[in-house]
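Visitor: Quick one, what's the 3D model for this:
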Amino acid sequence: MPKVPLSPAGLPPTLGPYTHGIRCGDLLFCSGQVPIDPAHPAGPVPTDIRAQTRRVLENIKLILTSEGLDFKHVVKSTVFMTNLAEFVGMNEVYSEYFPQPFPARSTVQVSALPRGASVEIEVTASYTA
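Guide: Numbers count the residues shown, from 1 in each chain. Below is the predicted model:
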């Protein structure tokens, strides 16, 4: 199956040699998103975990909607956090975006994220879900 790269309009440029997403067959693999505001890509990252999580999920939403998908199509997510003590705040916002049945999810604490972010989220979505 061919890989189709996706770089939807409205998202900030990637921070390295990767695309925002890849479609391969019936799956969409979204690269991890950090809380960069597309309207101000060089601007500061919000400090509050809830604001960061909302910005990340809004960026993911741009990728999904560019392909005619939404959060109900997500089958797996991975959340990277620099401080698991902020898990409750991240989870509150996360639960506003994903309908039941919730996707499979892993949450991992990491030592650092790009741009000093506290959260990064990647998702895999199914075009047939």
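Visitor: residues near the closest residue to P8 other than its chain neighbours, how many?
Guide: For P8, the nearest residue in space outside its immediate sequence neighbours is S66; the separation is 3.7 Å by CB to CB, 6 or more residues apart in numbering. Every residue, glycine included, has its C-beta placed from N, CA and C. Using other CB atoms under 10 Å, S66 has 17 neighbouring residues.
Visitor: For stretch 28-38, buried residues please.
Guide: 28-36 (16 or more other CB atoms under 10 Å).
Visitor: and the spatially closest residue to K72 that is not a sequence neighbour, how many neighbours?
Guide: For K72, the nearest residue in space outside its immediate sequence neighbours is P99; the separation is 5.2 Å by CB to CB, 6+ apart. Other residues within reach of P99 by the criterion other CB under 10 Å amount to 11.
Visitor: how close does P99 sit to K61?
Guide: In this view, P99 and K61 are 13 Å apart by CB to CB, to the nearest Å.
Visitor: who are the neighbours in contact with V93?
Guide: V93 sits next to 50, 53-54, 57 when contact means CB atoms under 8 Å, 6 or more residues apart in numbering.
Visitor: Now do the same for it: its pLDDT.
Guide: With respect to pLDDT, V93 has a value of 98.
Visitor: In terms of helices and strands, where is L62?
Guide: The secondary structure element spanning L62 is helix 49-66 (assigned by DSSP states H and E).
Visitor: List of residues touching that helix?
Guide: 6, 8-12, 20-21, 28, 30, 33-38, 45-46, 70-71, 73-74, 86, 89-90, 92-94, 97, 117-121, 123, 125.
Visitor: Could I have the buried ones of those as PyMOL selection syntax?
Guide: Listed next is the PyMOL selection for buried residues among the contacts of helix 49-66, using 16+ other CB under 10 Å:
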select buried, resi 6+8+11+12+20+21+28+30+33+34+35+36+45+46+71+73+74+86+89+90+93+94+97+117+118+119+120+121+123+125
